[in-house]
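In: predicted model follows, preceded by the sequence.
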Amino acid sequence: MTGDLNGRSVIVTGAGSGIGRAAALAFAAQGDRVVVADLNAEAADAVVEEIGQAGGTAVAVTGDLGEQAVVDRVAATAVERFGGVDVLVNNAGIMDSMSALADVGDAEWERVIRVNLTAPFLLTRAVLPHMLAAGRGAIVNTASEAALRGSAAGAAYTASKHGVVGLTKSLAVMYRKNGIRANAICPGGTATAIAVEADRTAHGPAAIAPHFVNLGRVSQPEEQAAVILFLASEAASNINGAILPVDDGWSAV
């Protein structure tokens, strides 16, 4: 698939590494202009430089997407620099400690929900007026295998990613008559830098560990990015509200 996204204004969050970086590079390679949003300024700048060296166009916006001011800056940058927002990829996320619900502290719960669910809500809300004015838009959210089952992560992460699925489906129904599509990918094991700090002897990690025997092949970020690009493309023009596992069949086991 090439050509149908050329020149679009694209926001990718968590674009400093992993799936987000791969998606930002892939969009830029097709001729799209990319807002590289990430908490890590050094990583975001490195991706922008990499895109520029390849002849593409990108700009970095750094900060915590759980903060409304940062969200507003990301949306404003896309509009001011690239004329609008055609594609939004809500990819940024953090892992939990695999804790069972009784062991989840308030701070962990609130942080995971804020980054994984509230931030996509805030940024989507910020860009929707621009998509509605244009009469078109594609939103792709990164959910997780943990959005499909209760045995792939701890309580906080699992709840946050189930929330992303609900958010995606609500968007698809509410705005399909406005030319806006919303879909989500559910990555299985993927070679990224996302950190998991878990006590394997604790109740949560011990309870879910047996379910990882059917994990399947660990994917590369570029494989996840390829599906994101497809869902954002005109080739997927009649796909709306889809929750797509990209997990080597793990969800089918």
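Out: Okay, I see it. Owing to the predicted nature of the structure, the values given are computational and were not obtained by experimental measurement.

In: neighbouring strands of the biggest strand by length in the chain in the sheet, and parallel or not?
Out: The residue-count maximum for a strand in the chain (DSSP state E) belongs to strand 180-187. Strand pairing for strand 180-187, determined by DSSP bridges: strand 137-142 (parallel), strand 243-246 (parallel).

In: measure how far it is from the centre of its chain, please.
Out: 9 Å (Cα atoms, centre = their mean, to the nearest Å).

In: for that strand, list the C-alpha coordinates in CSV.
Out: What follows is strand 180-187, C-alpha atoms only, in CSV (Å, rounded to 0.1, in the frame of the first residue of the first chain):
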residue,chain,number,x,y,z
ILE,A,180,-14.3,9.4,10.9
ARG,A,181,-13.2,5.9,11.5
ALA,A,182,-11.7,4.4,14.7
ASN,A,183,-10.0,1.0,15.0
ALA,A,184,-7.6,-0.6,17.4
ILE,A,185,-4.8,-3.1,17.2
CYS,A,186,-4.1,-5.6,19.9
PRO,A,187,-0.5,-6.5,19.8
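
In: for that strand, what is the average pLDDT?
Out: Per-residue pLDDT over strand 180-187 has a mean of 98.

In: can you check stretch 136-155 too?
Out: 96.

In: what residues sit buried inside it?
Out: 137-149, 152-155 (16 or more other Cβ atoms under 10 Å). Every residue, glycine included, has its C-beta placed from N, CA and C.

In: same check, this time on stretch 84-94
Out: Buried residues in stretch 84-94, defined by neighbour count with 16+ other Cβ under 10 Å: 84-94.

In: strands - which of those land there?
Out: Counting by DSSP E, the part of those found in strands is 87-90.

In: quick one: low-confidence parts of the protein?
Out: Applying pLDDT under 70 to the chain flags the ranges 1-6, 195, 198.

In: for it, which segments count as helices?
Out: Using DSSP state H, the helices of the chain run over 18-29, 41-53, 68-82, 106-113, 119-134, 155-175, 203-208, 221-231.

In: give me whichever of those is most buried.
Out: helix 18-29 (a mean of 26; mean count of other Cβ atoms under 10 Å).

In: which helices and strands does it pack with?
Out: Under the contact criterion of 3 or more Cβ pairs under 8 Å, 6 or more residues apart in numbering; DSSP states H and E, helix 18-29 touches strand 9-13, strand 33-38, helix 41-53, strand 57-62, strand 87-90, helix 221-231.

In: and those as JSON lines, adding distance to Cys186?
Out: Below are the helices and strands packed on helix 18-29 laid out as JSON lines (distance: least, Cβ to Cβ, whole Å):
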{"stretch": "strand 9-13", "distance to Cys186": "17"}
{"stretch": "strand 33-38", "distance to Cys186": "21"}
{"stretch": "helix 41-53", "distance to Cys186": "24"}
{"stretch": "strand 57-62", "distance to Cys186": "26"}
{"stretch": "strand 87-90", "distance to Cys186": "13"}
{"stretch": "helix 221-231", "distance to Cys186": "10"}
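
In: for Val115, which of the ones you listed is the nearest?
Out: Set against Val115 and scored by Cβ to Cβ, the helices and strands packed on helix 18-29 come closest in strand 9-13, at 9.9 Å.

In: the residue most distant from the middle of the chain, which is it?
Out: For the chain, the largest distance from the centre (Cα atoms, centre = their mean) belongs to Thr201, which lies 30.4 Å off.
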